[in-house]
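Visitor: quick one: sequence and predicted model below, then my questions.
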Amino acid sequence: MNDVIEGVENFFKRCENCHMCYRYQEHDCNIHNFNDTFLTGFDVCRFLQQRLQEHLPIGSIVKVLESQLGEQLNSQCH
């Protein structure tokens, strides 16, 4: 939860039967592929989960993350 990393290549898998591409999930590196564009560390996922269980608004949670990172995130909750 200390850095925003950009310019990372994302791999995908393809079904050998129907050739449909699907989201690549690699949990060995503690990374969650949210939508092939936004990848997040499990530490951030746990942080979000805990704050949501405390019934905090997502906009407030994003502001905390932005403050900690010192960078504005590309979010739609503001």
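Guide: Perfect, thanks for sending it. Residues are numbered from 1 along each chain as shown.

Visitor: can you map out the strands along this structure?
Guide: 13-14, 21-22, 31-33, 39-41 (DSSP state E).

Visitor: give me the neighbour count for residue 31.
Guide: Residue 31 sits with 17 neighbouring residues when counted by other C-beta atoms under 10 Å. Yep, even glycine has a C-beta here, placed from its N, CA and C like the rest.

Visitor: what sits against it?
Guide: Contact analysis of residue 31 by C-beta atoms under 8 Å, 6 or more residues apart in numbering lists 39, 40, 41, 42.

Visitor: tell me what it is bridged to.
Guide: Listed by DSSP bridges, the beta-bridge partners for residue 31 are residue 41.

Visitor: gap between it and residue 59?
Guide: Relative to residue 59, residue 31 is positioned 24 Å away (C-beta to C-beta, to the nearest Å).

Visitor: for residue 66, same thing?
Guide: When distance is defined by C-beta to C-beta, residue 66 is 11 Å away from residue 59.

Visitor: so which of the two has more stuff around it?
Guide: More neighbours surround residue 66 than the other of residue 66 and residue 59, with 15 against 11 (other C-beta under 10 Å).

Visitor: shouldn't the more buried one be in contact with residue 74?
Guide: No: between residue 66 and residue 74 there is no contact under C-beta atoms under 8 Å: 10.5 Å.
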